[in-house]
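Student: how would this look folded up:
(4 chains)
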Protein chains: 2
Amino acid sequence: MTGKNLDGPEADALDLGAVFRALADEHRRSVMTELAADHSDNERGCNSFDLPISKQTQTHHFRVLREAGLVDEFDYGNRKGIRLRRADIEKRFPGLLALLGAGPPGGTAPR
Amino acid sequence: MTGKNLDGPEADALDLGAVFRALADEHRRSVMTELAADHSDNERGCNSFDLPISKQTQTHHFRVLREAGLVDEFDYGNRKGIRLRRADIEKRFPGLLALLGAGPPGGTAPR
DNA sequence: ACCAAGGTACGAATGATTTCGTACCTCAGT
DNA sequence: ACTGAGGTACGAAATCATTCGTACCTTGGT
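Tutor: Take a look at the predicted model:
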């Protein structure tokens, strides 16, 4: 098989608490910010995020994102990919993804 | 004096991580949801939220909300009040407060 | 069949959060 | 001046999160 889907919650079942908890972590938020910024919404290799943490910890974080319903995860045994669940997120929490762009307290347009 | 203001971060300094961390807790989120729902934005007694936790713990939670920049806190020695920093929040993270209404996974209009 | 790269499972250590007990403070009313 | 309601400070217990070490699995290539 070319890719097995690991599933998270249904679109309507996304829980705001789980979502905020997922986005509270800096590493997970950086992943989500990158995903939200790229509007092509292509599947992306889990290795392509430059996370300064061990792979075991990365496994943990990607799992949290999936269980919060923020990404779909694809397991190729060898390699893994995730894809932003943009439509589901926008449907249930419109505007949430746009917030990720407001990132650093310096703002997008300093002064 | 009739009310001393305890201060949190400036409007431009609101940190997304701190905000998400603050909103990740169920009790704090319930407070914020109530505040966001009432558009009068009046100062509100800290006692008026029916939190099922001890007062020491409430002190802790209100402090977290203030330090995240989500509310202003007013100390009357005897009694305390908080007020939603709606304008500041909307300016820095537009749409965030609206998300709090999407609360329970049942949705606002179940079938 | 072997190896290397990427990933997971399990468990442990560390760190942060949540919670409350005890003690104390402040104002309003009596 | 006393009391009661509401709040805080400090500290401790318990719980949850983050992180990684070790061991193992899977796929692709040699």
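
Student: can you map out the helices along chain A?
Tutor: Per DSSP state H, chain A carries helices over the ranges A:16-24, A:26-37, A:55-67, A:86-92, A:96-99.

Student: distance between the fourth one and the chain's centre?
Tutor: Okay, so that is helix A:86-92. A distance of 12 Å separates the centroid of the chain from that of helix A:86-92, by CA atoms, centre = their mean, to the nearest Å.

Student: interface residues of chain A facing DNA strand C?
Tutor: A:45-47, A:55-56, A:58-59, A:62, A:73, A:75, A:77-80 (CB under 7 Å from any atom of the strand). Placement of C-beta: from N, CA and C, glycine included.

Student: tell me if stretch A:20-28 is near DNA strand D.
Tutor: Yes: contact of stretch A:20-28 with DNA strand D (CB under 7 Å from any atom of the strand) involves A:21, A:24-25, A:27-28.

Student: for that stretch, buried residues please.
Tutor: A:20-25, A:27-28 (16 or more other CB atoms under 10 Å in any protein chain shown).

Student: name the residue closest to the centre of chain A, please.
Tutor: A:Met32 (4.0 Å; CA atoms, centre = their mean).

Student: contacting residues for that one?
Tutor: By CB atoms under 8 Å, 6 or more residues apart in numbering or on different chains, the residues touching A:Met32 are A:22-23, A:65, A:70-71, A:84, A:97, A:100.

Student: show me what contacts A:Arg83?
Tutor: A:41-44, A:71-72, A:74.

Student: okay, these in JSON lines with distance to chain B and pLDDT next?
Tutor: Shown next, in JSON lines, are the contacts of A:Arg83 (distance: CB to the nearest CB, whole Å; pLDDT from 0 to 100):
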{"residue": "A:Asp41", "distance to chain B": "20", "pLDDT": "98"}
{"residue": "A:Asn42", "distance to chain B": "25", "pLDDT": "97"}
{"residue": "A:Glu43", "distance to chain B": "25", "pLDDT": "97"}
{"residue": "A:Arg44", "distance to chain B": "22", "pLDDT": "97"}
{"residue": "A:Val71", "distance to chain B": "17", "pLDDT": "98"}
{"residue": "A:Asp72", "distance to chain B": "18", "pLDDT": "97"}
{"residue": "A:Phe74", "distance to chain B": "25", "pLDDT": "97"}
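
Student: by neighbour count, which of those residues wins?
Tutor: Counting neighbours by other CB atoms under 10 Å in any protein chain shown, A:Val71 leads these with 28 neighbours.

Student: so what's that one up against?
Tutor: For A:Val71, the contact set (CB under 8 Å, 6+ apart) comprises A:8, A:32, A:35, A:62, A:65, A:82-85.

Student: repeat that for A:Leu35.
Tutor: Taking CB under 8 Å, 6+ apart, we find A:Leu35 in contact with A:41, A:44, A:71, A:82, A:84.

Student: hmm, 10 Å instead?
Tutor: Residues near A:Leu35 by CB atoms under 10 Å, 6 or more residues apart in numbering or on different chains: A:41-42, A:44, A:49, A:65, A:70-71, A:82-86, A:97, A:100.
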